[in-house]
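Peer 1: Okay, sequence plus prediction incoming.
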Amino acid sequence: MKFKSPLFFAIVVIGLFAASYMPHISVEEKDNLLLQTLLGGINQLHFSPNEVDDAYSKQVFDLYISRLDNGRRWLTQDEVASLKAYEMKIDDAILDPNYEFFEKSIALKKAGLARAQGFYKDILKTPFDFTTTENIELDGDKKEFAKDEAQLKEYWHKTLKYDVMTRLADKLDKQEKAKDFEVKTETKDGKPKTEEKLKEEKEDREKLLAMTTEQLEVEAREKTLERYEDWFERLNQERRSDYMSNYLNAITNVFDPHTSYYLPKDKENFDISMSGTLEGIGARLQTSDEYTKVVSIVPGGPAWKNKELEVEDLIIKVTQGGDSTEEPLDVTGLRIDDVVAKIRGKKGTEVILTVKRLDGSIKDITIERDVVIMDEGYAKSATLNYSDVIDNIGYIKLPRFYADFNRRGGKSCAVDVAKEVEKLKAKNVKGIILDLRNNGGGSLRDVVTMSGLFIEEGPIVQVKARNRKPEVLTDDDPSVQYDGPLIVMVNEFSASASEILAAALQDYGRAVIVGSNNTFGKGTVQRFFDLDSAIKGNEELKPLGEVKLTIQKFYRINGGSTQLKGVTPDIILPDNFTYIPTGEQDNEYAMEWTEIPAVDYEQNVRKVKNMSKLQAMSSKRVANNDVFIKVNENAKRLKEQRDDTNASLNIEEYQKETKLLEEEAELYKEIFKPIEALEIKNLAVDLVEINMDEAKKARNDDWLKAMKKDAYIQEALNIMKDMQK
């Protein structure tokens with residue numbers, strides 16, 4: 001679907017025409033131009049623009065201040081109070097542009113940076129006492145702004161003490177392990193190490209073993225000082241345009257979290273976060289406060305094959321593996337493009353990611369860089385047999401809704417799923433399970449076509465722009481490819497197109513939706529608009545950047561939105577995120593759930609009957625299933641650990657806590673074990689191609705092994721049996 005937007009550019013060009021040919025323009029005039037162009041686009045095209053009034057002003061103020069000092073490092077209560085006078089005036093400053101609040105806030109931030117620079121340099125000169133009973137709050141949102149400079153310095157003292165302590169604890173742990181460690185004469189790939197390399201490793205081990213705790217503490221402080229020197233160097237290089245970008249994004253993000261302003265370099269970073277990381281480890285990364293967070297794992301990529309990196313992991317250090325002698329790089333506070341640059345590398349080389357898990361445990365993950373095997377992202381199928389329960393059930397895994405629009409006959413997930421369905425029908429399967437877990441969405445066209453494989457022609461989804469009637473996207477093909485029992489599997493990371501398909505088949509009563517929690521809940525559509533296109537001439541002002549606008553909303557055929565609520569599965573199974581907010585609901589100022597009139601829809605292919613009985617039978621099984629009992633226990637543990645953001649600054653206590661976290665994590669590491677009664681088979685027609693390629697065969701073997709441990713598939717088969725009773 002292409003959105004035509006001449007109105008947006010026409011309006012802002014007319015409104016700014018007088019400014020567009022000025023031979024010289026001041027910084028403030030350029031800011032005015034940028035702000036008015038931005039707001040012009042939002043007012044014209046945003047799905048639900050806010051009134052720019054005092055209530056809006058307060059929201060912008062709160063969001064901006066929280067981001068200006070989210071770690072409570074730079075400002076005191078009095079300084080924040082001095083900005084409070086502008087709390088209800090930002091709307092006026094937007095409508096009749098002035099930047100008094102913005103300029104004052106930046107002056108305070110820069111003064112805070114200079115003050116903090118003096119703090120950390122002074123504090124790190126002296127050894128810390130790690131034997132005292134003292135704690136630190138690690139969540140900035142739970143901390144009050146410091147009441148004065150003395151308390152602010154105390155905040156810094158605790159922060160630096162914690163950083164040094166964690167480094168020291170890590171060094172002590174390595175020293176302890178080095179006692180029993182023997183230098184290996186070969187590399188991981190079996191190649192002999194050079195004499196020079198062996199000598200270097202032995203010397204490093206002997207040096208580490210000879211160091212006292214006091215010497216290790218000095219080294220930890222020196223490394224911490226280096227980290228902060230690097231961080232402050234980056235902070236001090238930020239330009240006015242960077243600060244203005246943060247201000248403008250507080251203004252735009254109050255409309256909704258996906259409406260954002262992008263400086264030209266920020267747009268490049270967005271593109272990196274969406275696709276560029278495929279070249280390194282095959283994971284999509286995103287900035288989360290000062291951390292880089294893993295938001296998805298790309299099927300077929302190195303991280304996917306490694307099986308250790310997880311969604312929601314926070315990357316805190318990056319180390320070059322193999323024979324590299326580089327020190328681990330602390331990437332806390334780095335821009336995402338800098339982090340990606342450190343993770344990328346040549347195929348066959350290793351990178352070690354130090355990640356912080358949901359439960360607070362720290363883990364080193366070694367990943368060998370490689371190209372992404374794209375066929376792992378395509379639809380594939382198998383047959384499932386579950387002894388003494390049910391046999392000959394078809395299974396289709398769809399990792400994403402892919403489509404190649406650039407060439408005729410390019411890959412289409414709808415076409416591929418149709419082929420898999422035909423192959424399964426040829427095996428006379430008694431039912432089909434369509435697995436959309438962790439599927440982040442994609443092609444809207446394909447989701448409409450794919451839904452139509454299971455029903456007669458009819459509406460699939462409604463797409464609505466502001467002040468326009470909903471556009472109903474329909475399956476126009478009256479044929480039904482598959483009319484048997486159907487289950488659709490989802491989880492909290494099933495988003496967008498996955499939610500549309502699940503919602504449509506649920507509304508039609510055509511399938512049982514089985515999942516853990518509601519789906520992601522992103523029921524909005526965004527488009528990028530180049531702000532340069534809104535201004536004629538003035539090439540010296542460009543590039544101004546781009547704006548990403550929420551212009552449409554998805555609605556189910558029953559009239560309810562998929563926004564915020566997502567799709568609630570018919571049968572809900574426990575998982576690690578059961579008690580942790582995820583998805584759209586975890587975003588500030590997420591657009592609300594709304595509804596519009598339903599459209600007429602009906603299907604006479606097959607309807608799920610006795611849903612309440614299916615739910616009751618599944619609930620009884622899950623309550624007595626040892627795997628799901630442990631999963632639920634682990635979910636509660638993760639929730640407790642995530643909420644517990646208070647840490648000890650006593651190194652013995654810290655080491656005990658860390659060890660306990662690691663031991664608990666180890667207890668729940670092997671929850672899922674092979675299910676002996678579950679048999680997964682490739683289709684004979686697929687085995688010919690699989691067996692022709694050793695690498696493909698190995699990947700397929702891994703896939704089958706993982707499925708054999710999948711308790712969620714096991715329960716889906718139980719539900720399928722119940723459906724057929």
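Peer 2: Sure thing, it's come through. Residues are numbered from 1 along each chain as shown.

Peer 1: Tell me where the stretch 551-700 of the chain has helices.
Peer 2: Under the criterion DSSP state H, counting those that start in this stretch, the stretch 551-700 of the chain contains helices at 611-623, 626-643, 651-667, 684-691, 694-708.

Peer 1: which one of the ones you listed lies closest to T133?
Peer 2: Closest approach to T133 among the helices of the stretch 551-700 of the chain is made by helix 651-667 (8.1 Å; CB to CB). All C-beta atoms are positioned from the backbone trio N, CA, C, and that covers glycine.

Peer 1: Would you mind pulling up the elements that the closest one packs against?
Peer 2: Where contact means 3 or more CB pairs under 8 Å, 6 or more residues apart in numbering; DSSP states H and E, helix 651-667 is packed against helix 149-178, strand 646-648.

Peer 1: deepest of those, which one?
Peer 2: helix 149-178 (a mean of 18; mean count of other CB atoms under 10 Å).

Peer 1: Kindly list the main-chain dihedrals of D53?
Peer 2: The phi/psi pair for D53 (degrees, to the nearest 10) reads phi -140, psi -170.

Peer 1: show me the contacts for it.
Peer 2: D53 makes contact with D91, according to CB atoms under 8 Å, 6 or more residues apart in numbering.

Peer 1: Just want to check the distance between it and T224.
Peer 2: 46 Å (CB to CB, to the nearest Å).

Peer 1: doesn't R284 fall inside a strand?
Peer 2: Yes: secondary structure assignment (DSSP: H, G, I helix; E, B strand; the rest coil) places R284 inside a strand.

Peer 1: wait, isn't it in contact with P299?
Peer 2: No: distance between R284 and P299: 11.7 Å, which falls outside the contact criterion (CB atoms under 8 Å).

Peer 1: Could you list the buried residues of stretch 593-605?
Peer 2: Residues of stretch 593-605 classed as buried by neighbour count (16 or more other CB atoms under 10 Å): 596, 599, 601, 603.

Peer 1: Look up how far L329 lies from the second one.
Peer 2: Yep, that's V599 we're talking about. 54 Å.

Peer 1: The third one now?
Peer 2: Separation of Y601 from L329 (CB to CB): 55 Å.

Peer 1: residues in contact with the residue nearest to the spatial centre of the chain?
Peer 2: Nearest to the geometric centre of the chain sits V295, at 2.3 Å (CA atoms, centre = their mean). Counting by CB under 8 Å, 6+ apart, V295 makes contact with 284-286, 311.

Peer 1: cool, V448 as well?
Peer 2: 460-461, 473-475.

Peer 1: Looking at those residues, spot the one nearest A85.
Peer 2: For those, the nearest to A85 is V461 (47.4 Å; CB to CB).

Peer 1: mind checking which helix or strand the closest one is in?
Peer 2: strand 458-465 (DSSP states H and E).

Peer 1: after that strand comes which helix or strand?
Peer 2: strand 471-475.

Peer 1: Report the mean per-residue pLDDT for that next one.
Peer 2: Strand 471-475 carries an average pLDDT of 97.

Peer 1: I'd like the contacts of V448 written out as TSV, with distance to I390 added.
Peer 2: Output for these, formatted as TSV (distance: CB to CB, whole Å):
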residue	distance to I390
I460	29
V461	32
L473	35
T474	34
D475	29
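
Peer 1: Closest one of the residues you listed to V429?
Peer 2: Closest to V429, out of all of these and judged by CB to CB, is D475, at 22.5 Å.

Peer 1: that older thread, which one of the helices and strands packed on helix 651-667 lies closest to G321?
Peer 2: helix 149-178 (15.7 Å).

Peer 1: Spatially, what comes nearest to V525 if we skip its sequence neighbours?
Peer 2: Nearest non-adjacent residue to V525, counting by CB to CB, 6 or more residues apart in numbering: Q552, 3.9 Å away.

Peer 1: what about that neighbour, neighbour count?
Peer 2: Q552 has 22 neighbouring residues, counting by other CB atoms under 10 Å.

Peer 1: How about the contacts made by it?
Peer 2: Counted by CB under 8 Å, 6+ apart, Q552 has contacts 3, 47, 463-465, 524-525.

Peer 1: Then F554?
Peer 2: 461-463, 499-500, 523-525, 561-563.

Peer 1: let's see it at 6 Å
Peer 2: By CB atoms under 6 Å, 6 or more residues apart in numbering, the contact list for F554 reads 461, 523, 562.

Peer 1: Can you check the pLDDT for the first one?
Peer 2: Just to be clear, that refers to V461. Confidence score, pLDDT, at V461: 98.

Peer 1: returning to what we had before: the helices of the stretch 551-700 of the chain: which one's closest to N587?
Peer 2: helix 626-643 (16.9 Å).
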